[in-house]
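S.K.: From the sequence below, what's the structure:
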Amino acid sequence: MSRSRINGNFIDKTFSIVANILLRIIPTTSGEKEAFVYYRDGMSAQSEGNYAEALQNYYEAMRLEIDPYDRSYILYNIGLIHTRNGEHTKALEYYFRALERNPFLPQAFNNMAVICHYRGEQAIRQGDSEIAEAWFDQAAEYWKQALALTPGNYIEAQNWLKITRRFE
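M.R.: Model prediction:
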């Protein structure tokens, strides 16, 4: 039984009903429909904190999904899980892969910036200001890309860019 059929959350149930209707009326291949079911089940598992199950569903969705735009969101969600698990190098790889397929994901640029900023802070704690500055510069570049896509969002990042004089 599909995970979405057993989830008790009202919003998840509503989403599942609408998604099932759309799957019936929109002309898609059976592989695309199956990929979406895995993606939807991955999102459900992820929202419940079942990251291993979510990853299994996302990997299966990636195997079936052919559309680059849809694949970008699957890759992005895989990156989120690796970020949550503290696997920042893996997370960055998945965000990069998502952006290769869809360069209009400001949330991927933001998450990459957050990871780089965190690494900069780690370098400061370790007494390596040169490495820290390199990480902070990289964070700034990613935040600028996110802000270029969604002006007015990421206010804290925008303020950090201004305070550190990295905003052009």
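S.K.: Contacts for stretch 59-72, please.
M.R.: With CB atoms under 8 Å, 6 or more residues apart in numbering as the contact definition, stretch 59-72 has outside contacts at 31-32, 34-36, 38-39, 42, 74-75, 78, 98-99, 101-102, 105. Glycine gets a C-beta too; all of them are placed from N, C-alpha and C.
S.K.: same thing but 10 Å
M.R.: If you take CB atoms under 10 Å, 6 or more residues apart in numbering as the criterion, stretch 59-72 is touched by 28-43, 58, 73-75, 77-78, 95, 97-105, 108.
S.K.: Please export the C-alpha coordinates of that stretch as CSV.
M.R.: The C-alpha trace of stretch 59-72 is given here as CSV (Å, rounded to 0.1, in the frame of the first residue of the first chain):
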residue,chain,number,x,y,z
TYR,A,59,16.1,7.1,-5.5
GLU,A,60,13.3,5.0,-7.0
ALA,A,61,11.6,8.1,-8.4
MET,A,62,15.0,9.2,-9.9
ARG,A,63,15.3,5.8,-11.6
LEU,A,64,11.8,6.3,-13.2
GLU,A,65,11.6,10.1,-13.8
ILE,A,66,12.8,11.4,-17.1
ASP,A,67,11.9,15.1,-16.9
PRO,A,68,14.9,17.2,-15.9
TYR,A,69,12.7,19.7,-14.1
ASP,A,70,11.0,17.1,-12.0
ARG,A,71,14.3,15.4,-11.4
SER,A,72,15.6,18.7,-10.0
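S.K.: For it, list every residue counted as buried.
M.R.: 60, 61, 62, 64, 65, 70, 71, 72 (16 or more other CB atoms under 10 Å).
S.K.: Against residue 126, how distant is the fifth one?
M.R.: Distance, residue 65 to residue 126, using CB to CB, to the nearest Å: 41 Å.
S.K.: Remind me which helix or strand the most centrally placed residue in the chain belongs to.
M.R.: Centroid-nearest residue in the chain, with CA atoms, centre = their mean: residue 76, separated by 3.1 Å. Here residue 76 sits within helix 68-84, counting by DSSP states H and E.
S.K.: Show me what the very next helix or strand once past that helix packs onto, helices and strands only.
M.R.: Sequence-wise, the next helix or strand downstream of helix 68-84 (DSSP H and E) is helix 88-101. Secondary-structure packing of helix 88-101 (3 or more CB pairs under 10 Å, 6 or more residues apart in numbering; DSSP states H and E): helix 68-84, helix 106-125, helix 129-149.
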